[in-house]
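Got a sequence here, can you build the structure:
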Amino acid sequence: MEESLLGGLSPKEFLRRHWQKRPLLVRRALPGFGGVIGRGDLFALAARDDAESRLVEHRRGRWRVTHGPLSRTRLERLAASSARDWTLLVNGVNGHRAAADRLLRRFAFMPQARLDDVMVSYAAPGGGVGPHADSYDVFLVQGAGRRRWRLGRRRPFALVPGAPLQLIAGFEPDEELILEPGDLLYLPPGWGHDGVALEPCFTCSVGFRAPRGAELAAAFLDYLHERGLPDGEYRDPALRPTAHPARLGGELLAFAARQLGRIRWRHAHVADFLGRYLTTPKPEVVFRRTRGPAPVLAACEVVLDGRTQMLYAGGQFFLNGESFAPPVRQRRALATLADRRRVPGLVLARAGLGERVLGWRRDGFLRMLPRP
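Just a heads-up that it's a prediction; the model follows:
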């Protein structure tokens, strides 16, 4: 299945030849693909406060970005009018629509820790977000309609000063192509690209997480702080009057250096932090508790919610920002659930996971469906 998605390449060949090296265009990668959500449903999703959305408009040479929640009435009026050069983008559609989650899982040959979400854009003719370069890998899957893409090889790009988007100034593309329904385009980080709708169209962007070092460092220090960083009070009983009150004193600098030098962590801390960090839901994600009696676990299919993130490292498991170390006898069943995102309830019941699964169901982290 991955070979057809990748134009006949195996995942191993794709990673070796293209991943973070050069683009890949696959015509009819998903034959008959029309998208993962209809226009009306996308407008409704953009109006919710538990979805991240943006409306990008290009008028008289100026760009305007409006962040959601967005008025569904306004979007419907835009779509009904002859207005051109506007685009609606909604992130995390895989957390709200099963079809989008199925599209995301088509890329399960990649580590889940790197998979981010499915962003869906709906564009009027001429709509786009301007020439830009992303810092992450992305697969662009064309839904209904056609879009023209101009691509530029990775190089230092100058940005348009003062623009509300990170736009490339004087973008000079190296190639141009048109995507039709079912076509797929992979772009490595740093490649300039500019997509413009030739007619009303949908595009699904499967993005990948690429946390930066400074971002990880700041979050890791917060993690260590929650667990108790070394503490100490500064004392200077031999302090003397100074003729230079603005000068940092040597004793204070030495104290700060000693305190910071006492910060210690082990590999286990890094693994625990990273698992929690990568599975922490985004700010707009809301899980709604499931009420009512639960069905019999052994008679169900257990399916993780599209917004749920579950990873593991060794005997440590991570679910939506929480960490736990289950007994050895439960680890294989939990790893199967994390890898496949759905597993027969009987497998989990036999591993003694009934109480934990029911708790996750109540929290809205998973669903228990009747076996087909």
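
What degree of burial does Gly354 show, as a neighbour count?
Residues lying near Gly354 (other C-beta atoms under 10 Å) number 16. To be clear about C-beta, it is placed using only N, CA and C from the backbone, and glycine gets the same treatment.

any idea how far Leu366 is from it?
Using C-beta to C-beta, to the nearest Å, we find Gly354 at a distance of 13 Å from Leu366.

Equivalent analysis for Gln112, please.
15 Å.

Any idea what Leu151 is bridged to?
Glu175, His193 (DSSP bridges).

Of Gln112 and Leu366, which one has the most company?
Higher neighbour count among Gln112 and Leu366: Leu366, with 21 against 18, using other C-beta under 10 Å.

Got phi/psi on Asp101?
phi -70, psi -40 (degrees, to the nearest 10).

Quick check, pLDDT for it.
Note for Asp101: predicted pLDDT of 95.

how far does the one helix or strand Phe255 maps to sit from the chain's center?
Counting by DSSP states H and E, the element that carries Phe255 is helix 250-261. Computed by C-alpha atoms, centre = their mean, to the nearest Å, the chain-centroid distance of helix 250-261 equals 39 Å.

Identify each buried residue in that helix, please.
Buried residues in helix 250-261, counted by 16 or more other C-beta atoms under 10 Å: Phe255.

elements contacting that helix?
Helices and strands touching helix 250-261, as assessed by 3 or more C-beta pairs under 8 Å, 6 or more residues apart in numbering; DSSP states H and E, are absent.

all helices for the stretch 1-150 of the chain, in order.
2-5, 11-17, 39-46, 72-80, 98-105 (DSSP state H, counting those that start in this stretch).

What ranges in the stretch 1-150 of the chain fall below the confidence cut-off?
Applying pLDDT under 70 to the stretch 1-150 of the chain flags residues 1-3.

residue ranges of the strands in it, please?
Secondary structure of the stretch 1-150 of the chain by DSSP state E, counting those that start in this stretch: the strands cover 24-26, 53-59, 62-67, 86-90, 115-123, 132-133, 138-142, 147-152.

quick one: contacts for the residue most central in space within the chain?
The chain has Asp116 as the residue nearest its centroid, 2.6 Å off, counting by C-alpha atoms, centre = their mean. When contacts are counted by C-beta atoms under 8 Å, 6 or more residues apart in numbering, Asp116 is found next to Tyr136, Gly207, Phe208, Arg209.

Skipping its backbone neighbours, what lies nearest the first one in space?
Here the nearest residue to Tyr136 in space, its sequence neighbours aside, is Ala210; by C-beta to C-beta, 6 or more residues apart in numbering that works out to 4.3 Å.

Please report how far the one you found lies from Leu221.
Ala210 sits at a distance of 20 Å from Leu221 (criterion: C-beta to C-beta).

sorry, back to before: so of the contacts of Asp116, which ones are in strands?
Residues from the contacts of Asp116 lying in strands, with DSSP state E as the criterion: Gly207, Phe208.

Give me the buried subset of the contacts of Asp116.
Gly207, Phe208.

circling back: contacting residues around the helix holding Phe255?
If you take C-beta under 8 Å, 6+ apart as the criterion, helix 250-261 is touched by Pro230, Gly232, Tyr234, Asp236.

Next: stretch 158-174.
Under C-beta under 8 Å, 6+ apart, the answer for stretch 158-174 is 56, 63-65, 129-133, 150-153, 157, 192, 194.

out of those residues, who has the most neighbours?
When neighbours are counted by other C-beta under 10 Å, Pro131 leads the contacts of stretch 158-174 with 24 neighbours.

does that residue really touch Trp191, like I thought?
No: Pro131 sits out of contact with Trp191 when judged by C-beta atoms under 8 Å, with a separation of 10.9 Å.

intersection of neighbour lists for the two?
Gly152.

just to revisit the earlier point, so which two of the contacts of stretch 158-174 are the farthest from each other?
Arg64 and Arg153 (29.6 Å; C-beta to C-beta).

which residues touch His18?
Listed by C-beta under 8 Å, 6+ apart, the contact partners of His18 are Leu9, Leu24, Tyr186, Pro188.

so how far is Val26 from it?
Distance from His18 to Val26, by C-beta to C-beta: 10 Å.

what does Gly190 give?
To Val26, Gly190 is 21 Å away according to C-beta to C-beta.

Who has more neighbours out of those two?
Between Gly190 and Val26, counted using other C-beta under 10 Å, the more crowded position is Val26 (20 against 16).

show me what contacts the more buried one?
Leu5, Leu6, Gly7, Asp183, Leu184, Leu185.

and these, which are buried?
Buried members of the contacts of Val26, scored by 16+ other C-beta under 10 Å, are Leu5, Leu6, Gly7, Asp183, Leu184, Leu185.

which of those lies closest to Asp339?
Of all those, Asp339 sits closest to Leu5, with 18.7 Å by C-beta to C-beta.

Surely that closest one is in contact with Ala29?
Yes: when contacts are counted by C-beta under 8 Å, Leu5 is listed as touching Ala29 (5.3 Å).

where do the contact lists of those two overlap?
With C-beta under 8 Å, 6+ apart as the test, Leu5 and Ala29 both reach Leu184.

how would you label Leu278: helix, strand or coil?
Under DSSP: H, G, I helix; E, B strand; the rest coil, the three-state class of Leu278 is helix.

For the closest residue to it other than its chain neighbours, list the residues it contacts.
In space, and not counting its chain neighbours, Leu278 is closest to Ala113: 5.2 Å by C-beta to C-beta, 6+ apart. Ala113 is in contact with Arg209, Leu278, Leu311, counting by C-beta under 8 Å, 6+ apart.
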